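Peer 1: please find the sequence and the predicted model below.
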Amino acid sequence: MAQYRKTYDKKGNVKLIELTPEEALAMREQEKLKEEVAPPTQDKDQKEAQLLGSTKEAIQLRRAEIDGEIRLRKANLKGQIDTIKASESAKEKAGKHLAIFGAAYLCICVLSFIAAMSMLDTEAIAVAATLITLVVTQLSSILKTVVDTKEPKDPVELMSDIVHKTLVVNETGTES
């Protein structure tokens, strides 16, 4: 394997010059002499302590970077959630509210009717029963519409359905 020496021209470009075997041996001997002459500046324990300290600092730095990335990601996701909540219509918000609390409202109405039965006269019970039936029926129908709402189709699916229907009409002459 050939050995090379770096040299620089006037413009600062690096040029590699191949060394003869004698020059390469002389360079290696000089490097060995420098290593032998230079006493070790630190003993093994000091090097180990320095390495452990720098490793600990590197770990702390990396942990701080990861924590920063996590906080940034959480802030981005929270911003997206807030944007979605802000763009909801009143109908969507009401639907979600009724989906969560609708059953509780129905239970409250029925329990209040049962409690009212003990305090009302026999003539007023029929009126209260009619009113509570009306309220429970309306809340039930509202809950049903919330549950039964169809999600809008993807535009690609809609176009695919239109194309398929058009092809069926063109092939058979009638819609199937």
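Peer 2: That came through fine. Residues are numbered from 1 along each chain as shown.
Peer 1: per-residue pLDDT of the residue lying closest to residue 4 once chain neighbours are set aside, please?
Peer 2: Leaving aside its sequence neighbours, residue 4 sits nearest to residue 16 (Cβ to Cβ, 6 or more residues apart in numbering; 4.3 Å). In this view, the C-beta of every residue, glycine as well, is placed from N, C-alpha and C. For residue 16, the model assigns a pLDDT of 78.
Peer 1: contacting residues for residue 16?
Peer 2: 4-7 (Cβ atoms under 8 Å, 6 or more residues apart in numbering).
Peer 1: now, of the residues you listed, which are buried?
Peer 2: The neighbour-count criterion (16 or more other Cβ atoms under 10 Å) marks none of those as buried.
Peer 1: and the residue nearest the centre of this structure?
Peer 2: By Cα atoms, centre = their mean, the mean C-alpha position of the chain lies nearest to residue 77, the distance being 6.5 Å.
Peer 1: any idea how far it is from residue 4?
Peer 2: Look at residue 77 and residue 4: by Cβ to Cβ, to the nearest Å, they are 54 Å apart.
Peer 1: swap in residue 84?
Peer 2: To residue 4, residue 84 is 63 Å away according to Cβ to Cβ.
Peer 1: quick check on the residue in the chain sticking out farthest from the centre: phi, psi?
Peer 2: In the chain, counting by Cα atoms, centre = their mean, residue 22 sits farthest out from the average C-alpha position, at 63.6 Å. When read as degrees, to the nearest 10, the backbone of residue 22 gives phi -70, psi -40.
Peer 1: so how far is residue 3 from it?
Peer 2: 11 Å.
Peer 1: which parts of this structure are helices?
Peer 2: In the chain, the helices defined using DSSP state H lie at 21-37, 44-86, 90-119, 122-148, 155-172.
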